[in-house]
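S.K.: Structure here, sequence nowhere to be found:
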């Protein structure tokens, strides 16, 4: 993975390259940016440069390149370490470097489990970095989503950042830097990465994914600067179609006030698993937004719906208006909060479904 493989982010790439050329490599970097902006593939490409672009680094098997990332316990009552997931991690990075937590969970076989960086991982990190560089150069430790670190692990990492081992470079990649310990943030050189430009995503889809230009433009616009989301659109048509069916089903049930069927609907959604539920809630927010905008007659330049969604919007859009759009979006946000706090999903969605009966009639 080279800098040339990274989509956009030219200013950050130039900054990192200049610091390396000038011999001003910081001992700890934190690349901060939203999902799909390219922070992780950029970290890997930069690590390869630090390791002199060796073939081992290209295959992510360089003895001086180390990774830490959220995992789950494979066996109850037994500690798990990131090294147990290295095969899956390398495969994910090699085959699809622009990804989010949902893709990583699928690759790792996590199902509905919550992924974190466990407290004991700090011992493994300390042991690895205490060894001399096998190649006589840098040792690089990439930590993906440090905001997922157990407090004990975070505190031990802090000590390493305060007194870094010789020729060691930490590269932290965070989507929510505010959730990382402030003491850790203060000891890193923080670099913010913006969302990708639509034209950069569009060009990538056309040139590297062989997507039809018209479709590439639509996908790029709908991705809102998130390359991981753009790739999801390409690979998860069936998933989006299922979400569309669930959305339409709820709106129709709410309109005719079929409470019993709505309870069945809420149980069906609750059974999808945590990450799919989060994706579904994001999809619902998107559909509410798109249908609200549809009312203003700006379908061509502001709407990002598929043909199936647009056909549904012809009759449904009038039900999403100034009187209820804020209320619906607020309820969806509350659902996201409750799911994140592990509230029973059946209760969360049944409550939301019942509220939609009132909201959708508010015209």
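M.R.: Structure's in. What do you need? Keep in mind that what you see is a predicted model, and the values were worked out from it rather than measured. Numbering: from 1, shown residues only.

S.K.: what's the pLDDT at residue 165?
M.R.: You'll see residue 165 listed with a pLDDT of 86.

S.K.: Now it: closest residue in space that isn't a chain neighbour?
M.R.: Leaving aside its chain neighbours, residue 165 sits nearest to residue 129 (4.6 Å; criterion: C-beta to C-beta, 6 or more residues apart in numbering). To be clear about C-beta, it is placed using only N, CA and C from the backbone, and glycine gets the same treatment.

S.K.: quick one: the one you found and residue 93, what's the gap?
M.R.: With distances taken as C-beta to C-beta, to the nearest Å, residue 129 is found 21 Å from residue 93.

S.K.: ditto for residue 266
M.R.: Taken as C-beta to C-beta, the span from residue 266 to residue 93 is 37 Å.

S.K.: Next: residue 131.
M.R.: For residue 131, the distance to residue 93 (C-beta to C-beta) stands at 23 Å.

S.K.: More neighbours: those two, which one.
M.R.: Using other C-beta atoms under 10 Å as the criterion, residue 131 and residue 93 rank with residue 93 on top: 21 against 11.

S.K.: correct me, but the more buried one touches residue 59?
M.R.: No - Residue 93 sits out of contact with residue 59 when judged by C-beta atoms under 8 Å, with a separation of 10.2 Å.

S.K.: Residue ranges of each domain in this structure, please.
M.R.: When the chain is parsed with automatic domain parsing, its domains come out as 3-192, 196-235, 239-361.

S.K.: Flag every buried residue along the second one.
M.R.: If I follow you right, that is domain 196-235. By neighbour count on 16 or more other C-beta atoms under 10 Å, the buried set for domain 196-235 is 196, 198, 200-202, 204-206, 211, 216-233.

S.K.: Run through the residues that contact the residue most central in space within the chain.
M.R.: With distances taken as C-alpha atoms, centre = their mean, residue 100 lies nearest the centre of the chain, 3.1 Å away. The contact partners of residue 100, by C-beta atoms under 8 Å, 6 or more residues apart in numbering, come to 35, 36, 228, 229.

S.K.: same thing with residue 90?
M.R.: Residue 90 is in contact with 59, 60, 61, counting by C-beta under 8 Å, 6+ apart.
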